[in-house]
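> fold the stuff below for me.
(one chain, ligands or ions: 1)
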Amino acid sequence: MNDVKRGESQHRPITVKERSLIDWLLRHGNPSSEQFLEQLDSLVVVWKCSCGCPTVNFAREGKPVPHEAEHILADYLATVDGEDVGIILFQKEGRLSSLEVYSQAGTDKVFGLPEIETIYSYEELAERQSKRNLRRPTRHLICAI
Ligand SMILES: [Zn+2]
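Numbers count the residues shown, from 1 in each chain. Alright, predicted model coming up:
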């Protein structure tokens, strides 16, 4: 993967889908993240990644928010079009700065924003993995018989 993300400049309000996803993330994010909900009404997208993912950067009063050394507000996992993705909402200096959606497998195929119902936490991922791990010895036992 390339460190320099290619993308295109945009200037548009956030979509209904972006809004509902960010709204959910803020309500399920870090303890202080709900204070960012009031920024949703004036949130403008100024940059969109062009690698095929739906990652966007936001602007503050017309100026793009710098996104170096951003702080994570919410960090979740989800599934979209059968693809396992990660979702991270960032803030910088008290303003929402970017919504990053990345493929866990690093796919370069085009995918959109996940539905809220598909979002899961890292705790749930650990649970799923431990269930998978529990199944494995059973299978080995059967094979050994
Ligand atoms: Zn991308």
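
> which of the helices and strands in the protein ranks last by mean pLDDT?
When the helices and strands of the chain are scored by mean pLDDT, DSSP states H and E, strand 63-64 comes last with a mean of 64.

> for the following helix or strand past it, list every residue counted as buried.
Going down the chain from strand 63-64, the next helix or strand is strand 71-80, by DSSP states H and E. Neighbour counts over strand 71-80 (16 or more other C-beta atoms under 10 Å) mark Leu73, Ala74, Asp75, Tyr76, Leu77, Ala78, Val80 as buried. Glycine gets a C-beta too; all of them are placed from N, C-alpha and C.

> in this protein, which spans are strands?
Counting by DSSP state E, the chain has these strands, from start to end: 7-13, 44-49, 56-60, 63-64, 71-80, 83-92, 95-103.

> got the ones you listed as TSV, with distance to the ion columns?
TSV is the format used below for the strands of the chain (distance: least, C-beta to the ion, whole Å):
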stretch	distance to the ion
strand 7-13	7
strand 44-49	3
strand 56-60	10
strand 63-64	17
strand 71-80	13
strand 83-92	11
strand 95-103	7
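
> lowest average pLDDT across those strands?
Mean pLDDT is lowest for strand 63-64 out of those, coming in at a mean of 64.

> mind checking how far stretch 109-129 is from the chain centre?
9 Å (C-alpha atoms, centre = their mean, to the nearest Å).

> is it positioned near the ion?
No: residues of stretch 109-129 are not located near the ion by C-beta under 5 Å from the ion, the shortest gap being 9.6 Å.

> what about that stretch, how long is it end to end?
Distance across stretch 109-129, first residue to last, is 25 Å (C-alpha to C-alpha, to the nearest Å).

> mind listing what's buried in it?
In terms of neighbour count (16+ other C-beta under 10 Å), stretch 109-129 has its buried residues at Phe111, Leu113, Pro114, Ile119, Tyr120.

> what lies in contact with it?
Defining contact as C-beta atoms under 8 Å, 6 or more residues apart in numbering, one finds that stretch 109-129 is touched by 17-18, 20-21, 24, 52-54, 75-81, 83, 85, 87, 101, 103.

> number of residues surrounding Gly94?
By the criterion of other C-beta atoms under 10 Å, Gly94 has 13 neighbours.

> to clarify, my last question referred to Arg6.
Arg6: 8 surrounding residues under other C-beta under 10 Å.
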